[in-house]
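Colleague: take this sequence and fold it.
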Amino acid sequence: MAVLVIADHDGATVRDTTHKTVTAASKIGGDIDILVVGEGAKAAAEAAAKIKGVRKVLLAESAGLGKVLAEAVEATVLPLAEGYDAILAPATTDGKNFAPRIAAKLDVAPISDIIEVVSADTFVRPIYAGNALETIQSSDAKKVITVRPTGFDAAEEGGSASIETVTGGDAPKTTFVSEEKVKSDRPELGAAKIVVSGGRAMGSSEEFHAVMDPLADKLGAAVGASRAAVDAGYAPNDYQVGQTGKVVAPELYIAIGISGAIQHLAGMKDSKIIVAINKDPDAPIFQVADYGLVADYKTAVPELMTALG
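Modeller: The predicted model follows:
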C-alpha cells in the first residue's frame, strides 16, 4: 500500500497542515510520498523531504501549478494515481478545490474533512456543524481524502527523503485572472498558536480593529471574527472562523463579544484552551469555554492589556 500526500506550502516551506496530513497518512499505513506542486517550489520540496516517515518527495512545477489551479493539479495527479491506494490533501481552501475534481476523474467518492483514521478504508468526520460524528467505510479501490488538520498531531521532522521531479500539469482551458492577498505581520489564522476573535458586539469596523489589533499584537496572535462580525463588515472574509470559514485549533483561543452560535463553535471548539469574554451570562460560548468572564469587553480588554504590560 502507498499513500500520496499533496503538500500545502508557501513556496519556501511546507505548512503545519502538511505535517498533520502525513500523520493521517501514517495511520492508513504503507509508504508515504509527498507531492509538491507549484512554480519555483524546490525549497518547499526540500522542506517536505525532512518530514519523518516520508519515502520520497515528488516535485511538479508549471505556470498553472504556481496558482494551484484545480485543473493543473488534477492533470498532475492523475498520471501518478496508478501507484497509490490513497491520495490525501489538507482540508484547506486549495485542498477542497482540487480534491473533488481528482475524485471525479478517478470515478470515486471524495471523503472530506476526516478527523480520525479507523482503518485503511474507514474514517471519521464531523457532520451537522460538528454536532455529530460520522464513521464511513469506503469500498473504492482508491481513496481521495481531505484531512482536517485540527484532528491530528503534526509529524516530526528528521527525515531525509529523496526528491524526484515529475511532469507538472497545466490548465489550458483556465486563465488565471487575479488575486488579492491580505498582507500581515501576524501569524496565519489557520496555523497560529494564539487566536483572538471578535464578534458583532464590537459595533463597527473601527471599534473591532481598535480592540482586537492591539491585543493580537501584544500576544503575537492571529485575529479572527465570527460570521456575524464579517457579515456586518467589521472584519474581512479571511478572518472568519466557523463552519463556513476557517477551522482552527490553537493553543489559546480568546473569544471577545462572541455569543457562540453553533456555526462558530464548529470552527474553534477543538482549541486547547478557550477563554470567553461576554456580558451575557447565558451566551452559548461559555458552554465550551475553559475560562469565562462575564463582563463588558470595553472594561475587560483594557484591563487585560494592562495586566499583560
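
Colleague: ok, S26 - contacts?
Modeller: Shown in contact with S26 (CB atoms under 8 Å, 6 or more residues apart in numbering): 32, 53, 155. (Each C-beta comes from the backbone N, C-alpha and C, glycine too.)

Colleague: now do 6 Å
Modeller: Shown in contact with S26 (CB atoms under 6 Å, 6 or more residues apart in numbering): G53.

Colleague: over to V5?
Modeller: Contacts of V5 (CB under 6 Å, 6+ apart): 21-22, 25, 34, 88.

Colleague: go through the helix or strand encompassing it and flag the buried ones.
Modeller: Using DSSP states H and E, V5 sits within strand 2-6. In terms of neighbour count (16 or more other CB atoms under 10 Å), strand 2-6 has its buried residues at 3-6.

Colleague: next: stretch 6-19.
Modeller: By neighbour count on 16+ other CB under 10 Å, the buried set for stretch 6-19 is 6-9, 14-19.

Colleague: widest-spaced pair of those residues?
Modeller: I6 and D16 (15.2 Å; CB to CB).

Colleague: which strands and helices sit next to the helix or strand of the chain with the lowest mean pLDDT?
Modeller: Every helix and strand of the chain was ranked by mean pLDDT, DSSP states H and E. The lowest is helix 63-66, at a mean of 89. Other elements packing on helix 63-66 under the criterion 3 or more CB pairs under 6 Å, 6 or more residues apart in numbering; DSSP states H and E are strand 31-38.

Colleague: okay, the angle between the strand it packs on and strand 2-6?
Modeller: Going by axes from the mean of the first three to the mean of the last three CA atoms, to 10 degrees, strand 31-38 is angled at 20 degrees with respect to strand 2-6.

Colleague: what about G64, how many residues nearby?
Modeller: Neighbourhood size, G64 [other CB atoms under 10 Å]: 24.

Colleague: in the stretch 151-300 of the chain, which spans are strands?
Modeller: 162-167, 194-198, 222-225, 252-256, 273-278, 291-294 (DSSP state E, counting those that start in this stretch).

Colleague: okay, helices next: where are they in the stretch 1-150 of the chain?
Modeller: Ranges of helices within the stretch 1-150 of the chain are 16-28, 42-48, 63-66, 70-81, 93-106, based on DSSP state H, counting those that start in this stretch.

Colleague: where's the residue most central in space within the chain relative to I136, distance?
Modeller: Central residue of the chain (CA atoms, centre = their mean): T92, 4.6 Å from the mean position. According to CB to CB, to the nearest Å, T92 and I136 sit 21 Å apart.

Colleague: A225 too?
Modeller: From A225 over to I136 (counting by CB to CB), the distance is 32 Å.

Colleague: more neighbours: these two, which one.
Modeller: Taking other CB under 10 Å, A225 and I136 do not tie; A225 has more neighbours (30 against 15).

Colleague: for that one, give its distance to G233.
Modeller: 11 Å.

Colleague: now swap in A49 and tell me
Modeller: 44 Å.

Colleague: also L80?
Modeller: From L80 to G233 the distance is 44 Å (CB to CB).

Colleague: for V3, what are its contacts?
Modeller: 25, 28, 30, 32, 86.

Colleague: how about those, which pair is most distant?
Modeller: I32 and A86 (9.8 Å).

Colleague: more neighbours: which of those two?
Modeller: Neighbour comparison, I32 and A86: the larger count goes to I32, with 28 against 25 (by other CB under 10 Å).

Colleague: the contacts of V5 into JSON lines, with extra columns for distance to L65, neighbour count and pLDDT?
Modeller: Compiled in JSON lines, the contacts of V5 are given as follows (distance: CB to CB, whole Å; neighbours: other CB atoms under 10 Å; pLDDT from 0 to 100):
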{"residue": "T21", "distance to L65": "18", "neighbour count": "33", "pLDDT": "97"}
{"residue": "V22", "distance to L65": "20", "neighbour count": "27", "pLDDT": "97"}
{"residue": "A25", "distance to L65": "21", "neighbour count": "28", "pLDDT": "97"}
{"residue": "I34", "distance to L65": "15", "neighbour count": "31", "pLDDT": "98"}
{"residue": "L88", "distance to L65": "18", "neighbour count": "28", "pLDDT": "98"}
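
Colleague: list just the nearest of those to L215.
Modeller: Of those, the one sitting nearest to L215 (CB to CB) turns out to be T21, at 31.4 Å.

Colleague: and that closest one, what does it touch?
Modeller: Taking CB under 6 Å, 6+ apart as the test, what T21 contacts is 5, 88, 90, 147.

Colleague: can you check N237 too?
Modeller: Residues counted as contacts of N237 (CB under 6 Å, 6+ apart) are V230.

Colleague: just A216 next, same as before
Modeller: 186, 196, 223.

Colleague: now swap in I145 and tell me
Modeller: 88, 111, 114.
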